[in-house]
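1. sequence below, structure please.
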Amino acid sequence: MTSMTAVMRSIKGWLLWGHSSQPNFRYFEMRFATLTSFLLAGVSLVVAEDFRELVAIPAGETMADFTTDFVSTCSTWYPAENGDSLHLLTARATPGDYQGKNVDTEALVVCTWVGPDEGDPVQDFTLAVAEAVGATSISE
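-> Numbering: from 1, shown residues only. Prediction:
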C-alpha cells in the first residue's frame, strides 16, 4: 500500500461514522468546528503590539546617520534609564515605509523599554526619541 493510499484511507476513516461507507457530515462538521475553534484560539494568543512609527528623517541627513543617531539616542534615553529601572527592549530604524518605498527620506522606527519583572508592560518612547533626533512623525 502506498503512502498516498494510506493517507486517503485515514481521511476516509476519519470522516466515516461506524461501518457505513457514506460519510457522516454532521460528525465531520463537529470535528471541523472543534479544529477551527482551537486554531482561532491559538492565533489570538500570538497577536502582538506594533510600536513602529513612520517618520520623515531630517532634511540633509543620510539614512545611515539617522539610523545611528536614533539607535544611539534610544539606547541611552534618559527618562527610561532613570525612571523605573527599565531595560532596553528594541532600538531600531528601518529605511523606507511599510511597503519598503522612500528608503532615503522615511524610516520605520521603534524604541521600547521594559521593566525588570516578567509581565511588566512595554514602555514606548519611539515618538519622543524620533522628535529628539529631528524626525517628523508621518504615521496616520
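2. okay, now the closest residue to Leu54 other than its chain neighbours: neighbour count?
-> Leaving out its chain neighbours, the residue that sits closest to Leu54 by Cβ to Cβ, 6 or more residues apart in numbering is Ser139, at 4.6 Å. C-beta: built from backbone N, CA, C; applies to glycine. When neighbours are defined as other Cβ atoms under 10 Å, Ser139 has 14 of them.
3. pretty sure Ser139 is in a helix, no?
-> No: applying DSSP: H, G, I helix; E, B strand; the rest coil, one finds Ser139 to be coil, outside a helix.
4. just confirm it contacts Ala56, I think it does.
-> No: taking Cβ atoms under 8 Å as the definition, Ser139 is not a contact partner of Ala56, at 10.5 Å.
5. I'd like the next helix or strand past the helix or strand that contains Leu88.
-> Taking DSSP states H and E as the criterion, Leu88 maps to strand 87-95. Next helix or strand after strand 87-95 toward the C-terminus (DSSP H and E): strand 106-114.
6. for that following strand, packing partners?
-> Strand 106-114 sits against strand 53-56, helix 63-75, strand 87-95, strand 122-124, helix 126-132, with contacts defined as 3 or more Cβ pairs under 8 Å, 6 or more residues apart in numbering; DSSP states H and E.
7. okay, now the sheet partners of it, with direction.
-> strand 53-56 (antiparallel), strand 87-95 (antiparallel), strand 122-124 (antiparallel) (DSSP bridges).
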